[in-house]
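J.: need a structure here:
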Amino acid sequence: MAIELEERRCKPCEGGVKPLRRDQSKQLLDALHADWMLSDDGLEISRRFDFPAYSRTLAFANAVAWIAIVQGHHPVLTVSYGNCGVAYTTHSINGLSDNDFICAAKVDRLAADA
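T.: From the prediction side, this is the model:
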């Protein structure tokens, strides 16, 4: 399923749809790298990526930003010297949508190729 998610494209979400249920989120989470975590409230997924140098961290963060621009779905990025945290939620529905998992799968592919 990870390949299927990675190949999909985000659809604009302006609200009017229900967020994913916890069981749906857990099922989609299983298709991602094992380091992705579902928040306790079920409203966000996040993962931390570690790098040996700040330049590699910044390059990764910029590549994630490019994915966000192309997909029209933007994560919260937390950049530190040797790591970058990536967190997704769909603000317009106050929860998770397919878009969050599609982008997470694309970030997984980026990290695997790095």
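J.: where's the closest residue in space to residue 32 that isn't next to it in sequence relative to residue 53, distance?
T.: Of all residues not flanking residue 32 in the chain, residue 104 sits nearest, at 5.3 Å (CB to CB, 6 or more residues apart in numbering). C-beta coordinates here come from the backbone N, C-alpha and C atoms, glycine included. Residue 104 sits 24 Å away from residue 53, taking CB to CB, to the nearest Å as the criterion.
J.: What is the lengthiest helix in the chain packed up against?
T.: The residue-count maximum for a helix in the chain (DSSP state H) belongs to helix 54-71. For helix 54-71, the contact count by 3 or more CB pairs under 8 Å, 6 or more residues apart in numbering; DSSP states H and E identifies strand 76-79, strand 83-88, helix 98-113 as packing neighbours.
J.: Below-threshold pLDDT in this structure: ranges please.
T.: Along the chain, segments meeting pLDDT under 70 span 1-3, 14-15.
J.: how near is the residue in it sticking out farthest from the centre to residue 63?
T.: Here the chain reaches farthest from its C-alpha mean at residue 53, the gap being 22.2 Å by CA atoms, centre = their mean. Separation of residue 53 from residue 63 (CB to CB): 15 Å.
J.: If we ignore the residues flanking it in sequence, what's nearest residue 74?
T.: Spatial nearest neighbour of residue 74, excluding adjacent residues (CB to CB, 6+ apart): residue 68 at 4.4 Å.
J.: All good on my end, thank you.
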